[in-house]
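*Asks:* Mind folding the following:
(one chain, ligands or ions: 1)
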Amino acid sequence: MPLKRHVWCGVDGGRTQPDRRATFRAFTDEPTSGAPNLKRIVVTGAGGQIGSWLVPKLREIYGDTRVLATDVRPLGAEVAESGPCQVLDATDAKAVGQAVLRHRADAIYHLAAILSAVGELDPGLAWTLNMTSLEAVLEVAREQRCAIFTPSSIGVFGPSTPKDPTPQDTLMRPTTMYGITKVAGELLCDYYHHHHGVDTRGVRLPGLISYGAGPGGGTTDWAVDIFRHAVRSGRYTCFLSADTALDMMYMPDAIDAVIGIMEADPSRLTHRNAFNVTAMQLTPEALAGEIKKHLPGFEISYSVDPARQVIADSWPDRIDDSAARNEWGWAPQFDMAAMTKDMLEHLEPQPSQEG
Ligand code: AKB
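*Replies:* As a prediction, the model looks like this:
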């Protein structure tokens with residue numbers, strides 16, 4: 001399937017132009033005096049693959065009204081009905097500043113970004129959007145004394161990086177614009193921490209697998225697509241070769257990682273903006289085999305997309321996440337078998353596959 005241009009991931013596939021209609025809802029007036037230690041949070045890119053899982057979890061932990069979900073597009077009814085929402089272009093520093101001030105936020109989870117594969121279709125846009133939005137939220141965090149979470153990625157690594165295992169501290173010469181923005185982002189977050197005392201934190205996420213909102217143009221999207229196609233039609237044509245190994249993680253573990261690093265004791269953190277985290281190493285062939293245990297008729301074939309294969313080949317086979325395990329107790333729950341079972345249980349079976 002050809003990639004669409006200008007997908008702003010965090011947001012979702014194929015939609016590009018910001019809808020600037022004000023949709024802010026007056027959820028923020030409740031008194032905070034009874035629970036002064038509870039966090040007040042702004043999430044950017046809340047409608048994307050991570051945001052659609054993170055916002056409900058943050059609302060469960062900190063309270064519905066304390067989590068302002070923002071996205072460049074209007075958010076769905078479920079998010080809008082459970083707490084405050086706002087249409088927000090994260091590259092607009094003034095608008096981000098106003099949203100954070102009005103919500104009285106003390107933490108920002110900045111998820112809006114363009115991913116690897118789509119980023120290569122318009123590298124200039126990927127650079128501008130990823131860096132402008134990060135600079136905007138960092139400046140707001142500096143001015144308003146907020147903590148900030150920014151996801152980094154296995155995309156920070158490149159062909160010259162050791163592949164198996166990929167150490168926590170190693171060569172980072174990525175060959176995608178996405179990877180370049182993620183390396184620059186890690187360094188910028190370090191800078192704001194060291195020079196301005198901003199409490200910046202982050203993890204290098206691998207490919208994320210989830211049901212619900214889909215991924216928005218990454219090289220690891222095949223690991224989500226495969227499930228949707230398996231359930232819908234019983235067959236999938238993969239755009240990477242059968243033996244391409246990449247680090248992956250099931251979304252519930254990713255959400256634990258994101259909240260885990262933000263809740264970690266800062267005195268124990270040496271690598272605060274850039275922890276390697278992983279849960280499993282998958283090849284298309286191995287995952288197809290696991291799916292077949294549940295859906296014996298499932299068939300996979302391959303039609304390699306050279307552009308995405310080159311990106312996948314430049315990334316690690318297996319990253320070493322011992323720093324995250326040692327510094328803040330990172331421990332994923334889902335391996336390939338547990339993730340596959342859970343995914344298939346949550347995806348709607350089609351009538352042709354029943355009985
Ligand atoms: C992508 O494939 O671009 C992302 C990532 C690994 O950061 N899923």
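*Asks:* any idea how far residue 75 lies from residue 93?
*Replies:* 21 Å (Cβ to Cβ, to the nearest Å). Where C-beta positions appear, they are placed from N, C-alpha and C, glycine not excepted.
*Asks:* Comparing the two, which shows the higher neighbour count?
*Replies:* residue 75 (21 against 18; other Cβ atoms under 10 Å).
*Asks:* what are the phi and psi angles of the more buried one?
*Replies:* Per-residue torsions, residue 75: phi -90, psi 160 (degrees, to the nearest 10).
*Asks:* again, but for residue 300
*Replies:* Note on residue 300: its backbone torsions stand at phi -120, psi 140 [degrees, to the nearest 10].
*Asks:* Over to residue 190?
*Replies:* phi -60, psi -40.
*Asks:* Grab the longest helix from this structure for me.
*Replies:* In the chain, taking DSSP state H as the definition, the longest helix is helix 123-144.
*Asks:* quick check, that helix touching the ligand?
*Replies:* No. Judged by Cβ under 6 Å from any ligand atom, helix 123-144 stays clear of the ligand, getting no closer than 10.4 Å.
*Asks:* Can you show me the CA trace of that helix as CSV?
*Replies:* This file holds the C-alpha atoms of helix 123-144, laid out as CSV (Å, rounded to 0.1, in the frame of the first residue of the first chain):
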residue,chain,number,x,y,z
PRO,A,123,12.1,15.3,5.1
GLY,A,124,11.8,19.1,5.3
LEU,A,125,8.4,18.8,6.9
ALA,A,126,9.5,16.1,9.3
TRP,A,127,12.4,18.3,10.5
THR,A,128,10.3,21.4,10.8
LEU,A,129,7.4,19.8,12.6
ASN,A,130,9.4,17.5,14.9
MET,A,131,11.9,20.2,15.9
THR,A,132,9.6,23.2,16.0
SER,A,133,7.1,21.5,18.2
LEU,A,134,9.7,20.1,20.5
GLU,A,135,11.4,23.5,20.9
ALA,A,136,7.9,25.0,21.5
VAL,A,137,7.1,22.7,24.4
LEU,A,138,10.5,22.9,25.9
GLU,A,139,10.3,26.7,26.0
VAL,A,140,6.9,26.5,27.6
ALA,A,141,8.2,23.9,30.1
ARG,A,142,11.1,26.3,30.9
GLU,A,143,8.9,29.3,31.4
GLN,A,144,6.2,27.5,33.3
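*Asks:* so what's the spatially most central residue of the chain up against?
*Replies:* In the chain, the centroid-proximal residue (Cα atoms, centre = their mean) is residue 50; its distance is 4.6 Å. By Cβ atoms under 8 Å, 6 or more residues apart in numbering, the contact set of residue 50 is 10, 111, 151, 208, 251, 254, 255, 258.
*Asks:* change it to 6 Å
*Replies:* Residues in contact with residue 50, defined by Cβ atoms under 6 Å, 6 or more residues apart in numbering, are residue 111.
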